[in-house]
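> mind folding the following:
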Amino acid sequence: MPFQPEQSDPEYHSFQKRQSFLWVVLLAVVLLIAGMVFFVAYQFMRDGGKSMGDVSSSVVTPVARALPSLLGGETETTGDYFLVSEASLRDKRFRIFKVYYESFSKEEIFAAPWRDKAATPVVTEYGENIAVFFDPGYSVLLTRDGKTAPLSNSFFVPQDPHFTISPDGKKMVYFKQLSSVGTMSLTIRDLAKNEDVFAWPISSPASEVCDFAGWSADGTKAYCTRVKNGKAVVGVVDIKQYTHATVASVSARVARFYPAHALLVAADKGNIFTFDTNTKERREVLALSSEAVENVFLTSDTAKIVFTANSKAYMVNRDGSNRQEIKNANRVISLGPNEAYNVFEVMEADGGSYYIVMDIAGSKRKELYGMTKDIAYTQFIGWFSK
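Predicted coordinates:
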């Protein structure tokens with residue numbers, strides 16, 4: 001008969017305690033592993049089965065998640081360039097390209113899954129970086145080479161892409177989202193202190209979302225343009241006095257404001273015109289018949305206006321003289337820093353299109369690359385120097 005220790009044996013009690021402790025530790029390890037497996041599975045299902053290269057960084061801000069670039073590697077190409085993005089229906093990918101317009105080379109620097117056609121990604125400049133907004137609360141901060149920008153616990157990226165940062169990098173003017181239905185409040189934030197310092201009520205006209213157009217020369221005023229219901233409104237935010245004022249309100253269907261010249265270039269149903277926000281003088285530039293103007297641009301020397309109307313690109317002098325069609329171009333995308341290089345779109349009969357770079361006179365024309373019909377959305381991001 002095997003030996004049976006008595007219940008009162010001290011060594012037996014010690015053995016029982018050690019055995020119970022080991023079982024507790026083993027159970028804790030099993031629960032921890034199960035929890036980790038559940039968490040990974042949940043993340044995988046929530047993100048639609050993204051690869052591990054798409055999983056967010058562990059450095060997270062309250063309203064922004066940083067994704068690593070899916071491309072990796074270094075590129076030694078140098079020179080001036082612009083950035084453009086595309087969203088493809090074919091492979092459900094969103095991509096950002098760097099295009100060196102002097103050498104006419106194109107480089108993909110970032111790619112990420114894009115499955116929700118209702119949520120079109122928006123890219124905007126964030127100081128020396130760029131921010132990609134996939135949907136509210138889900139944004140990616142990248143360097144201009146497509147790599148994840150370094151973040152800190154105090155780093156702030158707003159939920160909405162309508163924001164601007166002062167030239168000294170100390171203040172941000174942005175639209176703070178207060179509800180899931182899009183209730184906004186125009187807000188000034190001190191980036192050094194990482195806190196909001198002033199906000200306008202949601203009922204204020206200042207809190208109507210607009211596109212920021214730039215800053216005053218002294219870096220104290222941010223300008224924002226809104227075109228809605230046949231009216232163009234230019235507002236100015238003073239980040240030192242905490243004030244908002246309307247400097248222009250005119251009937252227009254398209255408009256673009258140039259703070260350096262205090263000049264609004266716009267088009268309504270009947271003509272293209274300019275409006276000086278200092279003198280409040282409106283000048284008619286060009287009468288229109290049945291032409292629907294899609295966009296307007298002012299050249300860097302302020303001498304000409306370049307515009308798109310009825311799927312054709314044109315230029316005209318500020319005084320309305322010498323209107324010319326820009327040959328081999330259907331749409332103006334963006335004017336370069338000195339108009340020696342500009343981006344135009346050419347449309348093809350099968351529904352596709354491609355970008356070209358040329359001066360506004362139509363010479364030095366160079367085709368960049370095509371965009372097939374499966375490209376649902378493109379965005380010109382900006383001109384940069386390396």
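
> now do the same contact list for Gln379.
Val84, Ser85, Val122, Val123 (CB atoms under 8 Å, 6 or more residues apart in numbering). Backbone N, C-alpha and C define where each C-beta goes, glycine included.

> so how far is Arg90 from the most centrally placed residue in the chain?
Centroid check for the chain by CA atoms, centre = their mean gives Val123 as the closest residue, at 2.0 Å. Using CB to CB, to the nearest Å, one gets 20 Å for the distance from Val123 to Arg90.

> could you do Lys364 as well?
32 Å.

> what do you get for Ile326?
31 Å.

> between those two, which has more neighbouring residues?
Shown here are Ile326 and Arg90; by other CB atoms under 10 Å, Ile326 has more neighbours (21 against 10).

> what's the closest non-adjacent residue to the more buried one?
Spatially, and ignoring its direct neighbours in sequence, Ile326 is nearest to Ala313 (4.1 Å; CB to CB, 6 or more residues apart in numbering).

> tell me who's in contact with that neighbour.
So, once contact is read as CB under 8 Å, 6+ apart, Ala313 ends up touching Val306, Phe307, Glu325, Ile326, Ala329, Asn330, Arg331, Val332, Phe344.

> what values do phi and psi take at the spatially closest residue to the second one that is not a sequence neighbour?
Beyond its immediate neighbours in the sequence, the residue positioned closest to Phe307 (CB to CB, 6+ apart) is Val296, lying 4.6 Å away. Main-chain dihedrals, Val296, degrees, to the nearest 10: phi -140, psi 150.

> neighbours of Val296, just the number please.
23.

> cool, and Gly182?
11.

> could you do Gly219 as well?
Gly219 sits with 15 neighbouring residues when counted by other CB under 10 Å.

> you'd agree it is up against Asp168?
Yes. Contact criterion CB atoms under 8 Å: Gly219 and Asp168 qualify, at 5.9 Å.

> the stretch 51-200 of the chain: strands as residue ranges?
Using DSSP state E, counting those that start in this stretch, the strands of the stretch 51-200 of the chain run over 60-61, 64-65, 81-88, 93-100, 105-113, 122-126, 129-135, 138-142, 163-165, 171-177, 184-190, 195-199.

> closest to Lys373 out of the ones you listed?
Comparing the strands of the stretch 51-200 of the chain against Lys373 with CB to CB, the closest turns out to be strand 81-88 (10.5 Å).

> paired strands for the closest one, with orientation please.
The sheet places strand 81-88 alongside strand 93-100 (antiparallel), strand 375-384 (antiparallel), with pairing taken from DSSP bridges.

> roughly how far is that strand from the heart of the chain?
With CA atoms, centre = their mean, to the nearest Å as the basis, strand 81-88 stands 11 Å off its chain's centre.

> now that strand - C-alpha only, PDB.
The C-alpha trace of strand 81-88 is given here as PDB (Å, rounded to 0.1, in the frame of the first residue of the first chain):
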ATOM      1  CA  TYR A  81       9.200  67.900 -57.300                       C
ATOM      2  CA  PHE A  82       5.500  67.800 -56.600                       C
ATOM      3  CA  LEU A  83       3.400  65.300 -54.800                       C
ATOM      4  CA  VAL A  84       0.100  63.800 -56.100                       C
ATOM      5  CA  SER A  85      -2.100  61.000 -54.800                       C
ATOM      6  CA  GLU A  86      -4.400  58.400 -56.500                       C
ATOM      7  CA  ALA A  87      -7.100  56.100 -55.200                       C
ATOM      8  CA  SER A  88      -7.500  52.900 -57.300                       C
END
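
> that strand - what's its average pLDDT?
For strand 81-88, mean pLDDT rounds to 93.

> what's that strand in contact with?
93-101, 114, 120-121, 123, 130, 132, 144, 334, 336, 343, 355, 371, 374-384, 386.

> again, 6 Å this time
94-100, 114, 123, 374-381, 383-384 (CB atoms under 6 Å, 6 or more residues apart in numbering).

> PyMOL command for the buried members of these?
In PyMOL, a selection of the buried entries from those looks like this (16 or more other CB atoms under 10 Å):
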select buried, resi 94+95+96+97+98+99+100+114+123+375+379+380+381+383
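
> looking at this, Ala206 is in a helix?
Yes. Counting by DSSP: H, G, I helix; E, B strand; the rest coil, one finds Ala206 located in a helix.

> these two touch, right, it and Phe198?
No. At 10.7 Å, Ala206 does not count as touching Phe198 under the criterion of CB atoms under 6 Å.

> kind regards, and thank you for your time.
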